[in-house]
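1. Quick one, structure for this:
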Amino acid sequence: MTDRTDNRVVARNAGLTSGEVAERVARGEVNDVPMRSSRSATEIVKANVFTRFNAIIGVLFLVILVVGPIQDGLFGFVIVANTAIGIFQEMRAKRTLDNLAVIGESKPTVRRDGEAVEIHTSAIVLGDLIELGPGDKALVDGEVVEAEGLEIDESLLTGEADPVLKKAGDRVMSGSFVVAGGGAFTATKVGREAYAAQLAEEASRFTLVDSELRNGISRILKYVTWMMVPTAIGLVISQLVLEKHDWHEAVRRTVAGIVPMVPEGLVLLTSVAFAIGVIRLGRKQCLVQELPAIEGLARVDVVCLDKTGTLTEGGMDVTGLRLLDGAEKPYVRQALGALGAADPRPNASLQAIVDAYPTSVNGDRWHCSESLPFSSARKYSGAAFDEPGGTSSTWLLGAPDVLLPDGHSALADIDELNDQGLRVLLLARTHRALDDPSLASDVAPQGLVVLEQRLRPDAADTLRYFEEQGVHAKIISGDNAISVGAVAGKLGLPGAERPVDARRLPTDRDAMAEVLEDGAVFGRVTPQQKRDMVAALQSRGHNVAMTGDGVNDVLALKDADIGVSMGSGSEATRAVAQIVLLNNSFATLPSVVAEGRRVIGNITRVATLFLTKTVYSVLLALLVVFWQVPYPFLPRHLTLLSTLTIGVPAFFLALAPNKERAKPHFVRRVMRYSAPAGVICAVATFGEYLLARHHYTGDGALDAETSNATLTLFLISLWVLAIVARPYTLWRICLVLAMAAGFLIVLVTPWLQDFFALKLVGTEGPWVGVGVALAAGLVLEFVWRTLRVHDGD
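-> Here you go, the predicted model:
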């Protein structure tokens, strides 16, 4: 076989034959690492069914089935419904993620039967010859067979910052990625035997870790468990002592005291909110590879954008060629064509040159004897040629301000072009060898290639959105700073008129952070500098998102709080990013931010409702134990109250649109509101219960006292709901009124009165309960407003 990748005819390894592939498949020598974007169906069912609180509720439900009646076991059916909803929504999210993962899956190029073909990662077999180019990730371990300036970054595996130049016979580790050059390697270890077999799997796994929301809820549930155990023990003892002649009643009222302590729907609604977020974003071709990324992007206050491929489209056009130092145009055009043909995998700039200056088809060809692939760190590429007349020449193509000395006369023209937002590359000859450390010095400039980049039509609106939301955008690019600033200026980015050349950035982290705080546009940034800039911003307490599509963005994407890659980006960037925009649309990012804010803001709301119930349940139980009185409710009463004031409204509130900016300290914020609200609910309800015990006497007194206490607790809980539902919209007002109407229907419908054992007796007692609830509501308003002022809301 032969390959004409660099104007030379070279021998090429043909790879495995179809028969050899079949033999290896039969022996099981395949890359069988499971590539999953989501949890399995079994894991989803287990996670939703086998929980600590489901176990508690399940045991209490069985107890009620023994002592009866069935209406006191309604809470068990609610748990079953909640669990079913959670499983259903997570299954929907799983299907969405799995389908998107197939679209975004990396497909390596292997040689089989002498032909280069794209295959699925799982189809790689031992001994396959896998081709590599810039941005490609090594998916299995192997040994280099062919190398043309092949530079591989192994920092994600070994921590080594500098790329490693690979030659034939060198080892390639799975998880490393190509930063320059190209080549091919033979797979020596596949599947679970590979060095970093888990890296690709973990990069796209549906995960709930490292989330302030999830971690905060876990902490809250831990505190709730600590409170529940001693309180429940005390309640059990007190009720059995008080109701020693009717242990069935004692058990029912004990269960009634324990069940509402469990915030059973909080975890469910959090999972459902995340799952629906995944589904909504999936419809916009946005693949969420790590679930907390939805939440994380909503907390971001700085977003670092790579210009090429993010603010601009991938392609470019050559718009001009300016000759320098008396160079001849036909000769320069030939040199450009030869440089383009010398690179088998040209980047966007070189592809534009290939399109504009194709190589000749006659016999006057330039033959490449050696090449130096482009590197983001070097900012230039090069090649040595044997020209048709027998002359040898070495050419460089790259950044003018890197290849030319300060003060060169051509730099003034270059700055003028950069001011227009154009990209300019310098074509230069050199008398030095390509492996000379001083290659870029003392070059002979021959021409300037002027390239125009196509701005994404949605980029300006997206940048404006971030500005309105208080998120600072920083454009970080390897291009000339003036050119980047001009592009940013066209998009209306504040601060674009003061671009910063990253070569002049201080290396000290604090000093760098100071410059980054003030600037908005940075050019001539190396891949390592991008990483350092992310770290410097994080050191100032910023939550940083990084977007990019090229191999030079990988390290920064990995270190950022949230990494966002374009679907057309390199394999390496897609692997390390938490969010992949499969439609390559930068305009999708506001949708991700909006979903994150919806999740965080709404879960904060519903968590306040659930924990208010937990606080008042624990406090009521303690008051009952201390006063040695029967617990004021049966399980059916609290099931009714929980459904109308928490369960149903929380479901609607959790899924509603919410544009509030995400705020930190989830646990503290929730407890600051729910703790005082729960205390007010408990004290007011228990006070009304004691008044009712003084008011009612004789047979049926306990039922009347329970009904009065239920009325009071419902009204106060409804007030809490009305506060949490703010700011009001028409549907939120209707939601609160509908819940009030539901309770009223129970009060006036005879068979519902009997079913829920809820019947108000007389007029004085119930009106006292209403008065107590009104007074408690006014206290709630005062406390709520005071806390909001204190928090600066």
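
2. Can you pull out the low-pLDDT segments for the stretch 201-350 of the chain?
-> 201-210, 243-245, 291, 314 (pLDDT under 70).

3. And the strands in it?
-> With DSSP state E, counting those that start in this stretch applied, the stretch 201-350 of the chain shows strands at 286-288, 302-305, 312-323, listed in chain order.

4. how near is the nearest residue in space to Asp386 that is not next to it in sequence to Ile217?
-> The shortest distance from Asp386 to any residue that is not its chain neighbour, by CB to CB, 6 or more residues apart in numbering, is 4.6 Å, and that residue is His367. C-betas here are computed from N, CA, C, even on glycine. In this structure, His367 and Ile217 are 66 Å apart, going by CB to CB, to the nearest Å.

5. more crowded one of these two?
-> The neighbour count for His367 versus Ile217, taken as other CB atoms under 10 Å, is higher for Ile217 (22 against 16).

6. Now do Pro635 against Leu505, distance only.
-> In this structure, Pro635 and Leu505 are 65 Å apart, going by CB to CB.

7. More neighbours: those two, which one.
-> Taking Pro635 and Leu505 together and counting by other CB under 10 Å, Pro635 has the greater number of neighbours (26 against 20).

8. check contacts around that one.
-> 64, 72-75, 252, 255-256, 259 (CB atoms under 8 Å, 6 or more residues apart in numbering).

9. circling back: turn the strands of the stretch 201-350 of the chain into a markdown table, including mean neighbour count and distance to Ala481.
-> Formatted as a markdown table, those follow (neighbours: other CB atoms under 10 Å; distance: least, CB to CB, whole Å):
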| stretch | mean neighbour count | distance to Ala481 |
| --- | --- | --- |
| strand 286-288 | 25 | 31 |
| strand 302-305 | 25 | 15 |
| strand 312-323 | 17 | 16 |
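
10. Mind putting the ones you listed into a markdown table with distance to Val25?
-> Shown next, in a markdown table, are the strands of the stretch 201-350 of the chain (distance: least, CB to CB, whole Å):
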| stretch | distance to Val25 |
| --- | --- |
| strand 286-288 | 29 |
| strand 302-305 | 44 |
| strand 312-323 | 36 |
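
11. re the thing from before, hmm, the residue nearest to Asp386 is touching Gly389, no?
-> No - applying CB atoms under 8 Å as the test, His367 and Gly389 come out as separate, 11.9 Å apart.

12. Name the residue most distant from the centre of the protein?
-> Distance from the C-alpha centroid of the chain, by CA atoms, centre = their mean, peaks at Gly698 (62.2 Å).

13. Which elements pack onto the longest helix along the chain?
-> In the chain, assigned by DSSP state H, the helix with the most residues is helix 589-627. Contacts of helix 589-627 with other secondary structure elements, assessed using 3 or more CB pairs under 8 Å, 6 or more residues apart in numbering; DSSP states H and E, are made with helix 212-242, helix 247-258, helix 264-282, helix 292-299, helix 459-468, helix 648-655, helix 666-695, helix 701-724.

14. Buried deepest among those, which one?
-> Ranked by mean neighbour count under mean count of other CB atoms under 10 Å, the helices and strands packed on helix 589-627 are led by helix 292-299, which reaches a mean of 26.

15. Show me the contact partners of it.
-> With contacts defined as CB under 8 Å, 6+ apart, helix 292-299 is touched by 207-214, 274, 277-278, 281, 288, 543, 545, 561-562, 564, 578-579, 589, 592-593, 595-597, 599-600, 662, 664.

16. which stretch among the strands of the stretch 201-350 of the chain comes nearest Thr685?
-> Put simply, out of the strands of the stretch 201-350 of the chain the one that sits nearest Thr685 is strand 286-288, at 42.6 Å, with distance taken as CB to CB.

17. So for Leu269, what's the nearest residue that isn't a sequence neighbour?
-> Spatially, and ignoring its direct neighbours in sequence, Leu269 is nearest to Ala654 (4.6 Å; CB to CB, 6+ apart).

18. contacting residues for that neighbour?
-> Contacts of Ala654 by CB under 8 Å, 6+ apart are 269, 272-273, 602-603, 605-606.

19. Now distance to Gly771 too, for those, in CSV please.
-> Putting the contacts of Ala654 into CSV (distance: CB to CB, whole Å) gives the following:
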residue, distance to Gly771
Leu269, 34
Val272, 38
Ala273, 38
Asn602, 33
Ile603, 34
Arg605, 28
Val606, 29
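
20. what about Trp746, distance to Leu641?
-> Heads up, residue 746 is Val, not Trp. 10 Å.

21. can you list residues touching both of the two?
-> Shared contacts of Val746 and Leu641, defined by CB under 8 Å, 6+ apart, are absent.

22. Determine which member of those two has the greater number of neighbouring residues.
-> Comparing Val746 with Leu641 by neighbour count (other CB under 10 Å), the higher total belongs to Leu641, at 20 against 17.

23. That one touches Leu713, doesn't it?
-> Yes - if you go by CB under 8 Å, Leu641 and Leu713 touch, sitting 6.1 Å apart.

24. shaky segments in the stretch 351-500 of the chain?
-> When residues are selected by pLDDT under 70, those of the stretch 351-500 of the chain lie in 360-364.

25. Do a quick rundown of the strands in it.
-> Chain-ordered strands for the stretch 351-500 of the chain, with DSSP E, counting those that start in this stretch as the definition, fall at 367-372, 380-386, 392-398, 423-430, 444-455, 472-476, 500-501.

26. Can you name every helix or strand that the first one contacts?
-> In this case it means strand 367-372. Under the contact rule (3+ CB pairs under 8 Å, 6+ apart), strand 367-372 is packed against strand 141-153, helix 329-342, strand 380-386.

27. can you rerun that using 10 Å?
-> Using 3 or more CB pairs under 10 Å, 6 or more residues apart in numbering; DSSP states H and E as the contact test, the elements touching strand 367-372 are strand 141-153, strand 177-189, helix 329-342, strand 380-386, strand 392-398.

28. Export these to CSV and append columns for distance to Leu451.
-> Putting those into CSV (distance: least, CB to CB, whole Å) gives the following:
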stretch, distance to Leu451
strand 141-153, 23
strand 177-189, 20
helix 329-342, 12
strand 380-386, 15
strand 392-398, 12
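
29. and Ile680, which of the ones you listed is closest to it?
-> Each of the helices and strands packed on strand 367-372 has some distance to Ile680 by CB to CB; the shortest is strand 177-189, at 57.8 Å.

30. Just give the closest residue to the residue nearest the centre of the chain, not the sequence neighbours.
-> Per CA atoms, centre = their mean, the C-alpha nearest to the average position across the chain is that of Ala293, at 1.7 Å. If the residues on either side of it in the chain are set aside, Ala293 comes closest to Gln578, at 3.7 Å by CB to CB, 6+ apart.

31. just Leu505 next, same as before
-> For Leu505, the nearest residue in space outside its immediate sequence neighbours is Met512; the separation is 5.7 Å by CB to CB, 6+ apart.

32. how about the residue nearest to Val599 when sequence neighbours are not counted, what does it touch?
-> In space, and not counting its chain neighbours, Val599 is closest to Ala273: 4.8 Å by CB to CB, 6+ apart. Residues near Ala273 by CB atoms under 10 Å, 6 or more residues apart in numbering: 89, 213, 294-295, 595, 598-600, 602-603, 606, 651, 653-655.

33. any idea how far Arg95 is from Ala273?
-> In this structure, Ala273 lies at 18 Å from Arg95, with CB to CB as the measure.

34. now stretch 563-582, how far from the chain's geometric center?
-> For stretch 563-582, the gap between its own C-alpha mean and the chain's C-alpha mean amounts to 11 Å (CA atoms, centre = their mean, to the nearest Å).
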